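Novice: the following block contains a protein sequence and its predicted model.
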Amino acid sequence: MSKTGMDLTRFILEEERKYPQATGSLSLALNTIASACKIIASHVRMAGLVDILGKAGKTNIQGEEVQKLDELSNEILIEHLSDCGEFYALASEELDEPIFPEKGKNGKYVISFDPLDGSSNIDVNVSIGTIFSIHKKVDGTVNDFLQEGYKQIAAGYVIYGSSTMLVYSTGNGVNGFTLDPSVGMFLLSHPDMKLPEKGKIYSINEANAKKWDINGLKEYIETLKDEGYTVRYIGSMVADVHRTLIKGGIFAYPSDIKNKNGKLRLLYEASPMAFLIEQAGGKATDGKQDILKIKPTDIHQRTPVFLGSKKEIDQLMEFIN
Ligand code: AHG
Ligand code: MN
Ligand code: MN
């Protein structure tokens, strides 16, 4: 029997039932993220209108302070994740330091998130998203965030695109849920997502080609062109990775002479996306090692990212090593 039509809340609870020792903490944590992102989705959908409604510049017609969507998304997530009590600490792209919610004192998890990924695309109505990564609390210090990606308890993203989708994994495969705004529920639309073994698309910002500092990368890209690949680059990691997850191929944000560690952040961009891609049968590397094996040393550290179908990643590694 097809599992589509299943809603996220029931799916999470049915997953929980598979683990007799489960306490329901992770279920509440995941449902809290979904609720917060539904609220963010409603603000994303209104973003263009706020300017129209808010003729008076920084305040909207209700006289409310019009906030940048990044800040607003960050605040919505902090409020909900703090209030649910399941998270001992929160780390965000928008916060210099982690925060330790009062209600999270007994929380078993820590969460890192990019509240709004692809900010440069907000004003041009192009897909943006939220990315999250959950680890187990270890000793209640910042070390809880500095765990390798393969130790993630769960990871996922919400893409605010032509539809709003939540895609996540707890280590048993990847499932995608599409928001039905008429009932406000995420419905299972993409059960057990798997990358194609090989794609026909490469996704990289070629404007940086002259700065790339990885021998063999240019030759690799030229070879893909010779093999008839097309290029797609949206500039929102969530959208570029979502397309790669569905259609296969490769997404890359390499290091360059100016950015020795690349641009993308390990904890709340590269690592959760690498977890999903590997769970869906693909690969994710920094050019030397699996992204999931990198031991972080700083919560905001950056890493080069190459992820996608096995064929493209294996071929890349032949060119650059
Ligand atoms: P964020 O908006 O959270 O800062 O992330 C933007 C990132 C990522 O979404 C995307 O892949 C990358 O920036 C695009 O960078 P370039 O514009 O330099 O290609
Ligand atoms: Mn981002
Ligand atoms: Mn961001």
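Specialist: Cool, got the structure. Numbers count the residues shown, from 1 in each chain. Ligands and ions are numbered 1, 2, ... in the order given.
Novice: pull up the distance across stretch 229-237, start to finish.
Specialist: Length of stretch 229-237, first residue to last, CA to CA, to the nearest Å: 20 Å.
Novice: what about that stretch, near ligand 1?
Specialist: Yes. Using CB under 6 Å from any ligand atom, stretch 229-237 reaches ligand 1 at 235-237. Heads up, the C-betas are built off the backbone N, CA and C, glycines and all.
Novice: likewise stretch 196-208?
Specialist: Yes. Remark: stretch 196-208 sits within contact range of ligand 1 at residue 205, by CB under 6 Å from any ligand atom.
Novice: now do the same end-to-end measure for that stretch.
Specialist: Start-to-end span of stretch 196-208 (CA to CA) is 28 Å.
Novice: taking the residues of stretch 229-237 next to ligand 1 one by one, which sit in helices?
Specialist: The helices, defined by DSSP state H, take in residue 237 from the residues of stretch 229-237 next to ligand 1.
Novice: adding pLDDT, neighbour count and distance to ligand 3, write the residues of stretch 229-237 next to ligand 1 out as a markdown table.
Specialist: Formatted as a markdown table, these follow (pLDDT from 0 to 100; neighbours: other CB atoms under 10 Å; distance: CB to the ion, whole Å):
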| residue | pLDDT | neighbour count | distance to ligand 3 |
| --- | --- | --- | --- |
| 235 | 97 | 16 | 12 |
| 236 | 97 | 23 | 9 |
| 237 | 98 | 26 | 9 |
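Novice: now do the phi/psi pair for residue 204.
Specialist: Taking degrees, to the nearest 10, you get phi -160, psi 150 for the backbone angles of residue 204.
Novice: which residues does the nearest residue to it once chain neighbours are set aside contact?
Specialist: Spatial nearest neighbour of residue 204, chain neighbours left out: residue 252 (4.4 Å); criterion: CB to CB, 6 or more residues apart in numbering. Neighbouring residues of residue 252 by CB atoms under 8 Å, 6 or more residues apart in numbering: 202-204, 305-307, 316.
Novice: double-check that residue 252 belongs to a strand.
Specialist: Yes. According to DSSP: H, G, I helix; E, B strand; the rest coil, residue 252 belongs to a strand.
Novice: quick check: bridge partners of it?
Specialist: residue 306 (DSSP bridges).
Novice: buried set for stretch 164-176?
Specialist: By neighbour count on 16 or more other CB atoms under 10 Å, the buried set for stretch 164-176 is 164-170, 174-176.
Novice: separation between the residue nearest in space to the middle of the chain and residue 267?
Specialist: For the chain, residue 131 is the residue whose C-alpha lies nearest the centre (CA atoms, centre = their mean; 3.0 Å). Relative to residue 267, residue 131 is positioned 10 Å away (CB to CB, to the nearest Å).
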